[in-house]
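**Student:** here is a sequence with its predicted model. Questions after.
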Amino acid sequence: MPMNVVYRGPADLPHAIPVFPLPGALLLPRGQMPLNIFEPRYLAMVDDSFRDGHRLIGMIQPDVTHSQNEARPMLFRIGCVGRITQLAESGDGRYILELTGVTRFRVVEEMSVLTAYRQCKVDYFPFIDDFTARKGEDAVDRPALLEVLTDFLKANNLKVDWEGVENAPNEALVNALAMMSPYGPAEKQAMLEAPDLKTRAEILIAVTEMDLAKKRTSGDPPLQ
């Protein structure tokens, strides 16, 4: 989704952002994530992001395995900030929006705030390569990725728009498959934290191969 703002580096982004903790949610740079916003605190977060003019929301997973407070779980240290590039009102109080990923960030500290939603001071510099589109995509093993995608689709009786897949650049393909993958928070976090696109693709391939092997040996039904 095209954006009206070009982010060339960390200096173009605020270093304090609202965050939306959502388990299993993976946003990556230049990827698109649809969101259905209905909780009052997150409706307020969206309103504030437009009022402040930045339209930015940090997507991050709660680290529930290391949390004692279920109502306010700890956060993983790495997330991805996205810009609201589409927004529609549902007529029943919800927002239907789409975030376009800008860059990953590392949480420096969570802020003490009066808002019902959480906010963090973040650092984008560890992920400065995220600002360069398609960086490192020539190193991706595209044939291996397509092979495991084919095996996954067959095992789960799924279909895909192969013309779209074949025409997609490596960055768009890897990130879209990673974001849509049906794996758990740990696997999603590993793909988010991958140092480069090649490693992200390798993690996605390895996780998918392990999932397929497990199903073949256990006789489990296809993953829905």
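**Tutor:** Received it, and whenever you're ready, just let me know what you need. Numbering: from 1, shown residues only.
**Student:** now stretch 12-28 - C-alpha only, CSV.
**Tutor:** Output in CSV follows, covering the C-alpha atoms of stretch 12-28 (Å, rounded to 0.1, in the frame of the first residue of the first chain):
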residue,chain,number,x,y,z
ASP,A,12,11.9,10.5,10.4
LEU,A,13,10.1,8.6,13.1
PRO,A,14,9.0,9.4,16.7
HIS,A,15,10.9,7.7,19.4
ALA,A,16,7.8,7.3,21.6
ILE,A,17,5.0,5.3,20.0
PRO,A,18,1.7,3.6,21.0
VAL,A,19,2.0,-0.2,21.0
PHE,A,20,-0.7,-2.8,20.3
PRO,A,21,0.2,-6.1,22.0
LEU,A,22,-1.3,-8.9,19.9
PRO,A,23,-0.2,-12.5,20.2
GLY,A,24,0.6,-14.3,16.9
ALA,A,25,0.5,-11.0,15.0
LEU,A,26,3.5,-10.4,12.7
LEU,A,27,4.0,-7.1,10.8
LEU,A,28,7.1,-6.7,8.6
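**Student:** chain center to it, what's the gap?
**Tutor:** 9 Å (Cα atoms, centre = their mean, to the nearest Å).
**Student:** so where's this structure uncertain?
**Tutor:** 1, 67, 219-224 (pLDDT under 70).
**Student:** strands of the chain, start to end?
**Tutor:** 16-21, 32-37, 56-60, 78-89, 95-110, 118-123 (DSSP state E).
**Student:** mind checking how far the residue nearest the centre of the chain is from Leu35?
**Tutor:** Among the residues of the chain, the one closest to the centroid is Leu27, at 1.3 Å (Cα atoms, centre = their mean). Noted for Leu27: a distance of 10 Å to Leu35, by Cβ to Cβ, to the nearest Å. Every residue, glycine included, has its C-beta placed from N, CA and C.
**Student:** what do those two both touch?
**Tutor:** Leu99 (Cβ atoms under 8 Å, 6 or more residues apart in numbering).
**Student:** longest helix in the chain, please.
**Tutor:** The helix that spans the most residues within the chain, counting by DSSP state H, is helix 197-218.
**Student:** quick one: distance of that one to the chain centre.
**Tutor:** Relative to its chain's centre, helix 197-218 lies at 19 Å (Cα atoms, centre = their mean).
**Student:** list of residues touching that helix?
**Tutor:** Contacts of helix 197-218 (Cβ under 8 Å, 6+ apart): 135-137, 139-141, 144-145, 148-149, 151-152, 155, 170-171, 174-175, 177-178, 181, 183, 187, 190-191, 194, 220, 222-223.
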